[in-house]
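1. 3D, please:
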Amino acid sequence: MGARIIRRTFLLRLGRATGAGLLLPGAVACSKKEAPAPPPARPAPPAAAPPAPAPAVVEAPPLPGWATGLAILSGQAHCAEAVLELLLPSDVPPGSPGARETRVLLHLDRVLATPAYASYARLLRDGFDRLDTEAKRDHGRSFAELPLAAREALLGDWQVRPPMPRAYPTGRFFQLVFTFALEGYLGDPKYGGNHQKLAWKWIDFSPGCPTPSGACGPGHSGHGAHGGHGE
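-> Just a heads-up that it's a prediction; the model follows:
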């Protein structure tokens, strides 16, 4: 009888330990103990966090009508315009014209179409293509479709990237584009940029006047020696 009780006690303890409820008939009555409570239900796993929203797709703004039919940069127009608008943004400072309003891209295309600038044309066309390729590789979008911060970061990296043997000269690319952009922005409108003399009007400049336009007196035609200055 004692051995039997020991056996029943062992099975009872085993049932409590495993939660399987392995009890012989009458074991509860003989031991004067109640059956163990079922184990608590396992808590449901926490709900998975909702997926992060996909970054908003930034569509490249359509090119203005005057940018169609470019001679040199027709295949790189969107990237080139996006670069120029970073260098000369509209309304920064407020009220100022930018590369888009002054048609700097048209000036750049006309300059690169000049035979004397053929080597620059090859270098810049290659550069705009490479910039697009790098943007698609790292971000899955063309340069013109990147958010503003990503465009600034990528172009800024190109500006300061150390030159490497047999690597594309990104610093030289930046230098040339920036130089041509300033020429197109502040130069004579007959060369394609500074549309309607918007940049000259913004800085209050008239060619041929050594001081701002108001000092030339009434009736000044605004035509004279090519030059410029800015504050």
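
2. from here on, contacts and neighbour counts on C-alpha atoms
-> Will do.

3. what residues are up against residue 164?
-> By C-alpha atoms under 8 Å, 6 or more residues apart in numbering, no residues touch residue 164.

4. ok, now residue 63?
-> With C-alpha under 8 Å, 6+ apart, residue 63 has these contacts: 77, 78.

5. I'd like the distance between it and residue 198.
-> 19 Å (C-alpha to C-alpha, to the nearest Å).

6. In this protein, what residue spans correspond to helices?
-> Secondary structure of the chain (DSSP state H): helices at 2-18, 27-31, 77-87, 99-102, 104-112, 118-139, 148-160, 170-186, 198-203.

7. Out of these, flag the one nearest residue 70.
-> Nearest to residue 70 among the helices of the chain is helix 104-112 (6.5 Å), distances taken as C-alpha to C-alpha.

8. hang on, the earlier thing: mean neighbour count, mean pLDDT and distance to residue 69 added to the helices of the chain, as a markdown table?
-> Formatted as a markdown table, these follow (neighbours: other C-alpha atoms under 10 Å; pLDDT from 0 to 100; distance: least, C-alpha to C-alpha, whole Å):
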| stretch | mean neighbour count | mean pLDDT | distance to residue 69 |
| --- | --- | --- | --- |
| helix 2-18 | 14 | 37 | 82 |
| helix 27-31 | 13 | 37 | 96 |
| helix 77-87 | 22 | 97 | 10 |
| helix 99-102 | 23 | 97 | 16 |
| helix 104-112 | 24 | 97 | 10 |
| helix 118-139 | 17 | 98 | 16 |
| helix 148-160 | 14 | 97 | 25 |
| helix 170-186 | 19 | 97 | 18 |
| helix 198-203 | 18 | 96 | 23 |
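
9. Take the ones you listed and write them to JSON lines, including distance to residue 93.
-> Shown next, in JSON lines, are the helices of the chain (distance: least, C-alpha to C-alpha, whole Å):
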{"stretch": "helix 2-18", "distance to residue 93": "76"}
{"stretch": "helix 27-31", "distance to residue 93": "89"}
{"stretch": "helix 77-87", "distance to residue 93": "13"}
{"stretch": "helix 99-102", "distance to residue 93": "13"}
{"stretch": "helix 104-112", "distance to residue 93": "18"}
{"stretch": "helix 118-139", "distance to residue 93": "27"}
{"stretch": "helix 148-160", "distance to residue 93": "17"}
{"stretch": "helix 170-186", "distance to residue 93": "15"}
{"stretch": "helix 198-203", "distance to residue 93": "11"}
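
10. Tell me which of those lies nearest to residue 67.
-> Among the helices of the chain, if distance is taken as C-alpha to C-alpha, the winner is helix 104-112, at 6.6 Å.

11. quick one: that closest one to helix 170-186, angle?
-> 110 degrees (axes from the mean of the first three to the mean of the last three C-alpha atoms, to 10 degrees).

12. which outside residues touch helix 104-112?
-> 66-67, 70-73, 77, 80-81, 84, 99, 117-118, 120-121, 180-181, 184-185, 191-194.
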